[in-house]
Every structure is written in structure tokens, then in C-alpha cells.
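K.L.:
Mind folding the following:
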Amino acid sequence: MRLILIVAIMFLISSCTTETVKVKMIKKGNYKNLTCKTVKLGNIKGDTVGLRSFIYKKLLSNGLLIKRIGKTCIVSGKVENGINIINYKKKVKINYQDIPRCEYFAATCVAKNGIVFCSKENKITSKLYYYISNSLRNPQGYYLYKNKIYQIQEKCKPLYTYITCQRATITTTATLSVDVFKKIYTQSDLADACSSIGSIPYSSKPSVYKVSQNEIKYLQKMQAMKIADAFIKDFFPHPFTFKVEILKPKTEKDDVKKFLDALQSGNFSETELEKMLKYNTDYRLMYDVAVGYELLGNFDKAEAIFEYILKNTNDIELKSKIFDQLYYLSQRD
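P.N.:
Below you'll find the predicted structure:
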């Protein structure tokens, strides 16, 4: 019995552990200096749409981008689902298929002393109805066809009818936060049970066409995927893995060595980068400075320096590395 309790406790402990992924985040603006070497996925309240699993998969695919000192951040939040269903009437065509929609009737008549007497109506073919209706007609509505007087009538079933349909507005709202970053994401879709219904068979009995639960669940799943994508793009601007190599420059001054150590550890500021720009003829050092701006999230500045080096250097190896970096930067959006 004691062994069973121990196993049960171990199972509970293991089932409550949070997934952990190693990532590197770089954020412009107020968050450009916020870095997380490790991200833990915490609790997301009310998550019935699988948002947590989608975020976890996105974090895994993000990967460890750049080795740099950073703390552990925890993703947390809550999800709220809304399903608003309304009924409405839609006009649709009735499909009679092989059943004739119209029937035709005729009564033979005789005139005596100015009064017309007609027999009981009998069903006739559409062909005969066509011939009679295109024959000589008097103002009273009687037809003369082959020396006989007829009174004719066309009886048709309705061409259109109204059906009762459901239309559902499906909304998923997620409030997600990591450290000081917090944002509300909303996705909304309209599901209409009758969007593809233009006609119904004549034999079908009118009923309420309902939005299926499978369609609702599918749309909620797609919304969770879109929210996960938006969240990762907001907080992890590099949704791909690549390596950044710090190059050994020609300049060997003490301030340059200190800068390279700071760059390697990640403990540097934009002021130190600006100081290194005075060595603007040492293109390998300039490359390292551009990498520094990239690490701080100033991608425009990094691109400008890379472009400057390309125009001024004949170093084939250096150009190759710059082309790689420019490609990675072009993919960040």
C-alpha cells in the first residue's frame, strides 16, 4: 500500500511539471534589454482550445538563437471563449428534381344562349396546355382550340421557401504575459450553417440548420494557433535558429578587448557600441559592432553597418558572413 502511495505521489509531481525550452528573445522598444535564456510555460487559465500546447511548440521551433546571459521567464495567462449563436431565416430555392413543379388542368366548355357551361377540370399534359394557351382567346378567358372551347389552369408549387439557419460568432481572447510584457490577443470568426446552402430538395422537411460542434472546435483551434503565432512574433522577433560568430578584429587595443569580452558575455550597452564605431576602418570589428546592435534589437542600425562594410571591404569571407546575417535579418518579420 505504501509503495502504491509513493508511485501515485510521483505521478502527480511529474504531471504538474512545466515544460521548459531554451530560447533567446530580443525585443525592440521598451523590451529590447529584456532577455530570457530559458522560458518556462506556466499555467494558462481556461485553456480549452489548446493554446498552451501551440505556444510550447512555437517556443521549441524558435530554438536557442544567440548564446547570451539571461534569466528564466515564465509565460502565463488566461483564455476566454465566446460563442454567440443566433437564428435567422434564409430564402432558398426548392429543388424538385424529377418531380414536376407545375400541373396543368383543362375543362371543356359549351356556350348556350350567351352562357358558358364547363365540365369538371381534368389534368392535361404540359404540351397540350402549351397548344391551348397559344390558341385564340376571348376577353372572358376562354380558349378556342380545334373547334372546342377550353378553360385552362396552371397550378405550380412554390419556387422558393425559407429555412431556419444558425449563425455563430466564435471568439477566443487570450491575455498572455512574460515578465513585464503583457498583451491581449483576440481572434473572431463567423460560422454560418447555411453559407453553402442555395437550394433544398422538395422532399426534405424544414428544420433548423445548426452550426456543428466540430466546426466550432476547428475554428477555436485555428484561433489558438493564430494567437500563438502573434504572441511569438511579438515577443520573439526571430522565429528561426541561426548562429552569430564574433570575429577577431585587427585592432588589438585594450578597449577593443574589453568590448569583445562584454559582447561575448552579453553585458554591454549601446554606448559601448558607439565608442567602437571610431574604428571604422577595421571592418571585422565593425561586423562585431553590428552584431551588438542586433543583440540589442536595433536591427536597422545593424543592417546599415553591414551594408557599409559590404561597400568598402574586399574581404570575401567577411562578405559571406554579412550576406548570411542580412538574410537572417530579412526574415525577422
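
K.L.:
Go through stretch 227-234 and flag the buried ones.
P.N.:
Ile227, Ala228, Ala230, Phe231, Ile232 (16 or more other C-beta atoms under 10 Å). Quick note: C-beta positions are derived from backbone N, CA and C, even for glycine.

K.L.:
Out of those, show me where the pLDDT dips lowest.
P.N.:
On pLDDT alone, Ile232 ranks lowest of these, at 81.

K.L.:
how close does that residue sit to Cys73?
P.N.:
13 Å (C-beta to C-beta, to the nearest Å).

K.L.:
now swap in Val256 and tell me
P.N.:
For Val256, the distance to Cys73 - C-beta to C-beta - is 33 Å.

K.L.:
Neighbour count for those two, which is higher?
P.N.:
It is Cys73, of Val256 and Cys73, that has more neighbours when counted by other C-beta atoms under 10 Å, with 22 against 18.

K.L.:
State the helix or strand in which the more buried one lies.
P.N.:
For Cys73, the host element (DSSP states H and E) is strand 71-95.

K.L.:
Tell me how far that strand lies from the chain's centre.
P.N.:
Chain-centre distance of strand 71-95: 13 Å, with C-alpha atoms, centre = their mean, to the nearest Å.

K.L.:
Now do the same for that strand: mean pLDDT, whole number.
P.N.:
91.

K.L.:
Tell me which helix or strand comes right after it.
P.N.:
strand 102-112.

K.L.:
Direction included, what does the helix or strand just after that next one pair against?
P.N.:
Following strand 102-112 in sequence order, the next helix or strand is strand 115-118 (DSSP H and E). Applying DSSP bridges, strand 115-118 is found paired with strand 102-112 (antiparallel).

K.L.:
pLDDT of the strand it pairs with, averaged?
P.N.:
Strand 102-112 shows a mean pLDDT of 93.

K.L.:
what does stretch 257-272 give?
P.N.:
86.

K.L.:
Centre of the chain to it, how far?
P.N.:
Its chain's C-alpha centre and that of stretch 257-272 lie 41 Å apart, by C-alpha atoms, centre = their mean.

K.L.:
do stretch 144-155 as well
P.N.:
64 Å.

K.L.:
Run through who's touching that stretch.
P.N.:
With contact meaning C-beta atoms under 8 Å, 6 or more residues apart in numbering, stretch 144-155 is reached by 102-111, 116, 118, 121, 124, 129, 131-133, 135-138, 141-143.

K.L.:
swap the cut-off to 6 Å and go again
P.N.:
For stretch 144-155, contacts defined as C-beta atoms under 6 Å, 6 or more residues apart in numbering pick out 102-109, 118, 132, 135-136, 142-143.

K.L.:
Got a PyMOL select line for the buried ones in the residues you listed?
P.N.:
Burial among the contacts of stretch 144-155 is assessed by 16+ other C-beta under 10 Å; the matching PyMOL selection reads:
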select buried, resi 104+106+107+109+132+142+143
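
K.L.:
a markdown table for the contacts of stretch 144-155, including distance to Cys156?
P.N.:
Putting the contacts of stretch 144-155 into a markdown table (distance: C-beta to C-beta, whole Å) gives the following:
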| residue | distance to Cys156 |
| --- | --- |
| Cys102 | 4 |
| Glu103 | 8 |
| Tyr104 | 10 |
| Phe105 | 12 |
| Ala106 | 16 |
| Ala107 | 18 |
| Thr108 | 23 |
| Cys109 | 23 |
| Cys118 | 22 |
| Ile132 | 17 |
| Ser135 | 21 |
| Leu136 | 24 |
| Tyr142 | 22 |
| Tyr143 | 19 |
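
K.L.:
Assumed Thr251 was part of a strand.
P.N.:
No. Applying DSSP: H, G, I helix; E, B strand; the rest coil, one finds Thr251 to be coil, outside a strand.

K.L.:
so it sits right up against Asp282, yeah?
P.N.:
Yes. With contact defined as C-beta atoms under 6 Å, Thr251 counts as touching Asp282 (4.7 Å).

K.L.:
Flag the shaky bits of the chain, pLDDT-wise.
P.N.:
Residue ranges of the chain with pLDDT under 70: 1-38, 61-71, 236-244, 328, 330-333.

K.L.:
Check the gap between the residue nearest to the spatial centre of it and Lys58 for me.
P.N.:
Nearest to the geometric centre of the chain sits Lys226, at 4.9 Å (C-alpha atoms, centre = their mean). Noted for Lys226: a distance of 11 Å to Lys58, by C-beta to C-beta.

K.L.:
How about Glu215?
P.N.:
Taking C-beta to C-beta, one finds Glu215 at 25 Å from Lys58.

K.L.:
between the two, which one's more packed in?
P.N.:
Taking neighbours as other C-beta under 10 Å, Glu215 and Lys58 compare with Lys58 leading, 19 against 16.

K.L.:
The more buried one: which element?
P.N.:
Per DSSP H and E: helix 51-62 holds Lys58.

K.L.:
What is that helix packed up against?
P.N.:
With contacts defined as 3 or more C-beta pairs under 6 Å, 6 or more residues apart in numbering; DSSP states H and E, helix 51-62 has these neighbours: strand 36-45, helix 213-235.
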